[in-house]
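[1] need coordinates for the following:
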Amino acid sequence: LKSVLDNILPPKNYQMQYKFADGQIVDAVVFLDNKQILAVDSKFSLENYNRMVGEKDKVRRAQLLDDVRKDLKGRIDETSKYIRPSENTMDFAFMFIPSESLYYDLLIGDVGTGSSARDLIEYAFRDKKVIIVSPTSFMAYLQTVMQGLRSLQIEEQAKEIQVRVGQLGRHISAYESFMQKLGSSLGTTVNHYNTAHKELKKIDKDVVKIADTDPS
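    Numbering: from 1, shown residues only. Below is the predicted model of the structure:
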């Protein structure tokens, strides 16, 4: 698990052995851009699965298969305990299986389904909000989650920009209205000035006539 995280994320973006408020420890958490954390648990024993793979006796193999299913269900239930929105976790968690063969068997083989066994992947996701991943699929899932969060962040930024543009538009409209009023007021003032100036010339002519002299 640590090797996969090392290959995907900078060290500051995840933490191994993360402790929750009640003292319980999950194997790893990923720190996401929205200040939430994504819990990843990988405490899974391959002992029964390896025995089942090597078992030739059909009866014994069936017993071991049942044990493997119980192991998986137990780990699914355990992983779901690390979904804690009150402590800023996402509303789902990853259950990391360090075996591509077991993961493949879980997807299409006897482990995941059976005549008397409920689909474990369906149980994990629908009932417990747990996504089961292998080393390969974990990278794909994690990158998808992070890309999705970036898209949400971009969408939120776009909404904020739209709000700001709307406010700017209203401010420009108000500015234009005041400038029109100012222009109208200035126009009235200029007209009054021109009219006053014309009257001043008339006064000047009157003074000339009264004094009977040429204007200087």
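
[2] alpha carbons of stretch 139-147, as PDB, please.
    C-alpha atoms of stretch 139-147 as PDB (Å, rounded to 0.1, in the frame of the first residue of the first chain):
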ATOM      1  CA  MET A 139      -4.200   3.700  -8.600                       C
ATOM      2  CA  ALA A 140      -7.000   4.100 -11.100                       C
ATOM      3  CA  TYR A 141      -9.600   4.700  -8.400                       C
ATOM      4  CA  LEU A 142      -7.500   7.100  -6.500                       C
ATOM      5  CA  GLN A 143      -6.700   9.200  -9.600                       C
ATOM      6  CA  THR A 144     -10.400   9.200 -10.600                       C
ATOM      7  CA  VAL A 145     -11.400  10.500  -7.100                       C
ATOM      8  CA  MET A 146      -8.800  13.200  -7.200                       C
ATOM      9  CA  GLN A 147      -9.700  14.300 -10.700                       C
END
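
[3] would you mark the buried spots in it?
    In terms of neighbour count (16 or more other Cβ atoms under 10 Å), stretch 139-147 has its buried residues at 141-142, 145-146. To be clear about C-beta, it is placed using only N, CA and C from the backbone, and glycine gets the same treatment.

[4] now swap in stretch 26-40 and tell me
    26-32, 36-40.

[5] can you list the buried residues of stretch 139-147 in a markdown table and add secondary structure and pLDDT?
    Output for the buried residues of stretch 139-147, formatted as a markdown table (DSSP: H, G, I helix; E, B strand; the rest coil; pLDDT from 0 to 100):
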| residue | secondary structure | pLDDT |
| --- | --- | --- |
| Tyr141 | helix | 81 |
| Leu142 | helix | 79 |
| Val145 | helix | 73 |
| Met146 | helix | 71 |
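
[6] present those as CSV; the columns should include distance to Ser86.
    What follows is the buried residues of stretch 139-147, written out as CSV (distance: Cβ to Cβ, whole Å):
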residue, distance to Ser86
Tyr141, 24
Leu142, 23
Val145, 20
Met146, 23
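
[7] closest one to Leu120 out of those, please.
    Tyr141 (17.0 Å; Cβ to Cβ).

[8] so what's that closest one closest to, chain neighbours aside?
    Val133 (5.5 Å; Cβ to Cβ, 6 or more residues apart in numbering).

[9] give me the pLDDT value at that neighbour.
    Note for Val133: predicted pLDDT of 86.

[10] ok, now the one 5 residues further on?
    Among the per-residue scores, Phe138 shows a pLDDT of 85.

[11] and for Asn194?
    pLDDT, read off for Asn194, is 73.

[12] could you measure from it over to Thr188?
    Using Cβ to Cβ, to the nearest Å, Asn194 is found at 11 Å from Thr188.

[13] for the protein, give me the ranges with low pLDDT.
    For the chain, applying pLDDT under 70 flags the ranges 34, 108-118, 148-173, 175-176, 179, 197, 199-216.

[14] give me that answer again for 50
    Applying pLDDT under 50 to the chain flags the ranges 115-117.

[15] need the strands for it, in chain order.
    14-19, 25-31, 37-41, 93-96, 130-133 (DSSP state E).

[16] quick one, helices of this protein?
    Secondary structure of the chain (DSSP state H): helices located at 2-8, 47-54, 58-80, 100-108, 120-122, 128, 135-211.
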